[in-house]
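Undergrad: my questions concern the predicted model and sequence given below.
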Amino acid sequence: MSEGMQLVLAAYQDTDAANADFDRLVGLIGSRDVASDGVVLVQRDDDGNVGIQKTGNKLGRRGAGWGGGVGVLVGLAAPPLLASVAVGAAAGGIVGKFAQHRVEGGLETGIGDKLRPGTSMILTLVAQDSLLAAEQALSGSPAKSRVEMDGDSLKDLSSALADAAGKFAPDRTVLPLADPPFGGVAGRTIGDSVADWTMIAQNKPPEGAPNVLVVLIDDAGFGNPETFGGPIATPAMNRVRDMGHAYNRFHVTAICSPTRAALLTGRNQHRVGFGSIAEYPGPFPGYTAAVPKTCAPIPRILRDNGYVTGGFGKWHLTPDNVQGAAGPFDRWPTGWGFDHWWGFLSGAAGQYDPIITQDNGIIGVPEGQDGEQYYFPDDITDKSIEWLHAVRAQDAEKPWFMYYSTGCSHAPHQVAPSWADRYAGRFDAGWDAYREEVFARQKELGVVPADARLTDRPDLFPAWDSLGDDEKKLFARQMEVYAGYSENADWNVGRLLDSIDEMGDLDNTLIFYIWGDNGASMEGTITGSFNETTFLNGLVLPPERQLELIEDAGGIDALGGPDTAPHYAAAWAWAGNTPFQWGKQTGSHLGGTRDAIVVAWPDRIAARGAIRSQFTHVIDIGPTILDVAGIPAPTSVDGIEQEPMDGTSFASSFDDVDAAEEHTVQYFESMGSRAIYHEGWWACARLDRVPWDFSPETIKKLAPGVYDPENDVWELYYLPDDFSQAVDLAETHPEKLAELRELFWSEAERNRVLPILGGMCIFFGILPPLPTETRFTFYGDVQNVQRGMVPRVYGRSYAIEAVVEIPDHGAEGVLVANADEIGGFALWVDDQGRLRHTYSFLGVEKYTQTSTEKIPTGSVTLKMLFEADEPKPGTGGDVTLWADDVKIGEGRLDRTVPVAFSTYAGMDIGCDNGLVVDRTYDDKAPYSFTGTVKRVVFDLRPAHHEAEQELHEHAAMQAVGQGASG
């Protein structure tokens, strides 16, 4: 092979064009207009077989006449065919050198294998001064690539091959994909050049890669949807099942953020820093709430491989303290690889007044159209459809990935009465009857085996028949609201499916419809609440008191409307997890970790509507997507070596009910409760704590030096014979239990689970540094401050100062408002020019202080000063109102909110967006201030060090408690 030769590759979709160009080039070589060391035509037939069609025999020069070059080309095209090419003795050394080098360089397969079936490629070695003529001869090729060869040494053959072939089959294990090389010729003039349009072509996924839709319902149970025997109408879920399959052994992580992190990375939750919730990062590797750079998320992988990616709905993977304009945005959805995001960042949102973020910015609280009440589930669907329409308007073929994650059925359970009324009377028989009825239907449908057993009701929950009439009335309506809320979510999924179908995309869309990121939520306590925030603040309201408050908000038929934020009684969650034990937060038992899923891909899945029973896990979703799209998990992203995926593809089960179970080992851990699965066996230990209990008494039992995980009681189940985890085999199989316990600790160490309770370490005095900032300034145009970034005024003295400009004719409106009337505060000026302070104690009590005189005009500082009785959560205190240095009003707060006003509502300066704090100005909402708000300053008065430390510890602990309920 001559020095300074250029390897040219020319790809063809049309075989006739390839033959014509080959003959043209060989003619130029024969007439000595092109100097070449060899040329071959490679074709991959429709069956995927690679063959060498021609080697220039029309010149009368067979392989031996060409010399070593043709052997090299044959080896590049299809190494296994190298031995069949005849070469002269002088060339034998070159070919032998190549043959050895291809093995050492890992080139056992060749360029021909990178061709799609039915396509061809011409490979030629030409001299540098013949490059222009050769490429002009190959004018029928839509894509060319070339690289300079280094004489006979072939020392850079591996990299040369990768460079040359990268345009036709890029190395998808390294992200981002390399820029396509220039395959043309750039001479001094256009006449001396050959253009290459493919150099600027966009990255494309492998041929046939489908669209992907992932639907994730929040806080929902295996026994809720009618698709799996439940009472909640789910026609959209049925539709997906009928286009594919239902999987009845699908598992999640038992709590929100970890499941979402596992779903979107294909890795175990602790491995990617989400052993606990996003609200409060911890100081151990498995609990940082920050995905390591070594674990690129699935949306990023798909985007870099040519997909367009969009996310809509609930996120819950961005810590509270980075949910503002300062970022960092690598912890927002766009940092995970989403081209577009629209939804809310936190763990919960009001369905009537969510704070919406779009991409890397905060939009705020949307308003209803044409006088109608705004409703988030409808809007998320509208925005998802709009995005798909925009994508298809630009590109009719580019595959898309959509993550559609509903706020439903997470608390607050909010839906219009018309939806809840569909279930009027359906739950009057109570949760015990619910379990029996659903279990029978599950057996009829085959989603549980005929020999499955229904697990017993824990003593924690009362028997329905033991309840009084008021309790039954309240609890039945709670479940009606939850069911209507859930049915509405499925109806919106149906709207999305209809739109995809109308666009002609449904047949080639791989759909995962997951009913629950964990089991149904037991965080509503024994009684549930008209306002979910009450139990987060330790306020227990008996049913009769709740009914009184509900009556004030419009009556029990209005439960779930804009004036309530309900959660149902925990026993309804237990019922919703039929036939399993326990629920959300409980990683040890199937009620927390097994959820319903249906999977469809109309173009690919032939046998439809069946049940699949292979053990699958949420970490398998990502690898399955990559598998069917033909995209490998990357080994390097942004120059950083990647950790392998923990999940395994279950695509083999799409068409084979008896496909081998690929996922055979899986640990589970959630807030101390833990389990290990291995080839059908399940060993578990449940922490002695109910999901809503973060009381000091319980925490003391879990403290370092007191709690020893070795003393936990372990249970053992064999799930192939015991679908519902009902028969504990610990006493009869102690050796198997001991084996699995050791396996759990091994998997826990490998996956960064340790230390156990690492996500709750702040309860044990392992705190972040004590905050030193006590003054927080918000300028007059700041709105929609996320809940977790509002200054912590709990349990202490503080002042709110508004520096304003009042025109001569006076002004009115809101200066600052946080949250809403069922938990929040506002400093505002009424239409009489009086300064007012409204403080809603969770919708249970409302305190208002009003100035005795009008505020002055001009530049003035208006202030509300709260002087706490003592520095502790829930303290009472005195309120005074000020205009500059003149006291103009006073009053009293008998008690204050100890933990949180809201799990989702934010704070606004100069107005009150969304649901208002004080109904007095509801008809004027958002009641923007008619003067000028220059700035609002929160001034937190420091307490003595010991009190500050206690308040800091309390705030940190409650952040984890709130996050756990997310």
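TA: On my side now, so go ahead. Residues are numbered from 1 along each chain as shown.
Undergrad: every contact and neighbour count from this point should use C-alpha atoms.
TA: Will do.
Undergrad: lowest-pLDDT helix or strand in the chain?
TA: Scoring the helices and strands of the chain by mean pLDDT, DSSP states H and E places helix 89-104 at the bottom, with a mean of 42.
Undergrad: partners of the helix or strand that it is followed by, with directions?
TA: For helix 89-104, the succeeding helix or strand toward the C-terminus, using DSSP states H and E, is strand 119-127. Strand pairing for strand 119-127, using DSSP bridges, gives strand 5-12 (antiparallel), strand 36-44 (antiparallel).
Undergrad: what residues does strand 119-127 touch?
TA: The set of residues external to strand 119-127 that reach it, using C-alpha atoms under 8 Å, 6 or more residues apart in numbering, is 2, 4-15, 18, 22, 34-45, 69, 73, 77, 112, 115, 134.
Undergrad: show me where the stretch 101-250 of the chain has strands.
TA: Listed in chain order, the strands of the stretch 101-250 of the chain (DSSP state E, counting those that start in this stretch) span residues 119-127, 143-148, 174-175, 211-217, 244-251.
Undergrad: by mean pLDDT, show me the worst of those strands.
TA: Of all the strands of the stretch 101-250 of the chain, the minimum mean pLDDT falls on strand 143-148 (a mean of 83).
Undergrad: packing partners for that strand?
TA: strand 5-12, helix 157-165 (3 or more C-alpha pairs under 8 Å, 6 or more residues apart in numbering; DSSP states H and E).
Undergrad: by mean pLDDT, show me the worst of these.
TA: Among these, helix 157-165 scores lowest, with a mean of 60.
Undergrad: below-threshold pLDDT in the protein: ranges please.
TA: Applying pLDDT under 70 to the chain flags residues 1-3, 56-72, 74-110, 149-166, 767-772, 943-966.
Undergrad: one step back: ranking the strands of the stretch 101-250 of the chain by burial, who's on top?
TA: Comparing the strands of the stretch 101-250 of the chain by mean neighbour count (mean count of other C-alpha atoms under 10 Å), strand 119-127 ranks first with a mean of 26.
Undergrad: that one vs strand 143-148, what angle?
TA: If you take axes from the mean of the first three to the mean of the last three C-alpha atoms, to 10 degrees, strand 119-127 sits at 30 degrees to strand 143-148.
Undergrad: strand 119-127: how far from the chain's middle?
TA: In terms of C-alpha atoms, centre = their mean, to the nearest Å, the centre of strand 119-127 is set 45 Å apart from its chain centre.
Undergrad: just stretch 286-303 next, same as before
TA: Counting by C-alpha atoms, centre = their mean, stretch 286-303 comes out at 11 Å from the chain centroid.
Undergrad: can I get that stretch in CSV? Just the C-alpha atoms.
TA: Taking C-alpha atoms only, stretch 286-303 is exported to CSV below (Å, rounded to 0.1, in the frame of the first residue of the first chain):
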residue,chain,number,x,y,z
GLY,A,286,-26.5,7.6,48.6
TYR,A,287,-28.5,10.6,49.9
THR,A,288,-27.1,13.7,48.2
ALA,A,289,-30.1,14.3,45.9
ALA,A,290,-27.6,15.0,43.1
VAL,A,291,-27.1,12.4,40.3
PRO,A,292,-23.4,11.7,39.9
LYS,A,293,-21.8,12.7,36.6
THR,A,294,-21.0,9.0,36.2
CYS,A,295,-24.7,8.2,35.8
ALA,A,296,-26.1,10.1,32.8
PRO,A,297,-29.9,10.0,32.8
ILE,A,298,-32.0,8.3,30.2
PRO,A,299,-33.4,11.6,28.7
ARG,A,300,-29.8,12.8,28.2
ILE,A,301,-28.8,9.5,26.4
LEU,A,302,-31.8,9.7,24.2
ARG,A,303,-31.4,13.4,23.4
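Undergrad: list buried residues within the contacts of strand 119-127.
TA: For the contacts of strand 119-127, a burial check counting by 16 or more other C-alpha atoms under 10 Å picks out 2, 4-13, 15, 18, 22, 34-44, 69, 73, 77, 112, 115, 134.
Undergrad: can I get the strands of the stretch 101-250 of the chain in JSON lines with distance to Pro566?
TA: JSON lines is the format used below for the strands of the stretch 101-250 of the chain (distance: least, C-alpha to C-alpha, whole Å):
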{"stretch": "strand 119-127", "distance to Pro566": "61"}
{"stretch": "strand 143-148", "distance to Pro566": "61"}
{"stretch": "strand 174-175", "distance to Pro566": "46"}
{"stretch": "strand 211-217", "distance to Pro566": "18"}
{"stretch": "strand 244-251", "distance to Pro566": "27"}
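Undergrad: doesn't Pro871 lie inside a strand?
TA: No - in this structure, Pro871 is coil, not part of a strand, as judged by DSSP: H, G, I helix; E, B strand; the rest coil.
Undergrad: and the closest residue in space to it that isn't next to it in sequence, what does it touch?
TA: Leaving aside its sequence neighbours, Pro871 sits nearest to Arg796 (C-alpha to C-alpha, 6 or more residues apart in numbering; 5.0 Å). The neighbours of Arg796, taking C-alpha under 8 Å, 6+ apart as the test, are Glu867, Ala868, Glu870, Pro871, Lys872, Pro873, Thr875, Leu940, Arg941, Ala943.
Undergrad: between the strands of the stretch 101-250 of the chain, which gets nearest to Glu643?
TA: Among the strands of the stretch 101-250 of the chain, strand 174-175 comes nearest to Glu643, with 12.9 Å by C-alpha to C-alpha.
Undergrad: so how far is that closest one from its chain's centroid?
TA: That offset, for strand 174-175, works out to 22 Å (C-alpha atoms, centre = their mean).
Undergrad: list the contacts of that strand.
TA: Ile301, Asp304, Pro634, Thr635, Ser636, Val637, Asp638, Gly639.
Undergrad: next one: stretch 839-854
TA: So stretch 839-854 is contacted by 531, 533-534, 549, 820-826, 832-838, 879, 881, 888-893, 895-897, 901, 917 (C-alpha under 8 Å, 6+ apart).
Undergrad: swap in stretch 385-393?
TA: Under C-alpha under 8 Å, 6+ apart, the answer for stretch 385-393 is Gly310, Lys398, Leu496, Ser499, Ile500.
Undergrad: could I have the CA atoms of stretch 699-709 written out in PDB?
TA: Output in PDB follows, covering the C-alpha atoms of stretch 699-709 (Å, rounded to 0.1, in the frame of the first residue of the first chain):
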ATOM      1  CA  ILE A 699     -37.200   8.900  66.600                       C
ATOM      2  CA  LYS A 700     -35.600   8.200  70.000                       C
ATOM      3  CA  LYS A 701     -36.000   4.500  69.300                       C
ATOM      4  CA  LEU A 702     -34.100   4.900  66.100                       C
ATOM      5  CA  ALA A 703     -31.200   7.000  67.400                       C
ATOM      6  CA  PRO A 704     -27.500   5.900  67.100                       C
ATOM      7  CA  GLY A 705     -26.600   3.700  70.000                       C
ATOM      8  CA  VAL A 706     -30.200   2.700  70.600                       C
ATOM      9  CA  TYR A 707     -31.300   1.300  67.200                       C
ATOM     10  CA  ASP A 708     -29.500  -1.800  66.000                       C
ATOM     11  CA  PRO A 709     -30.700  -3.100  62.600                       C
END
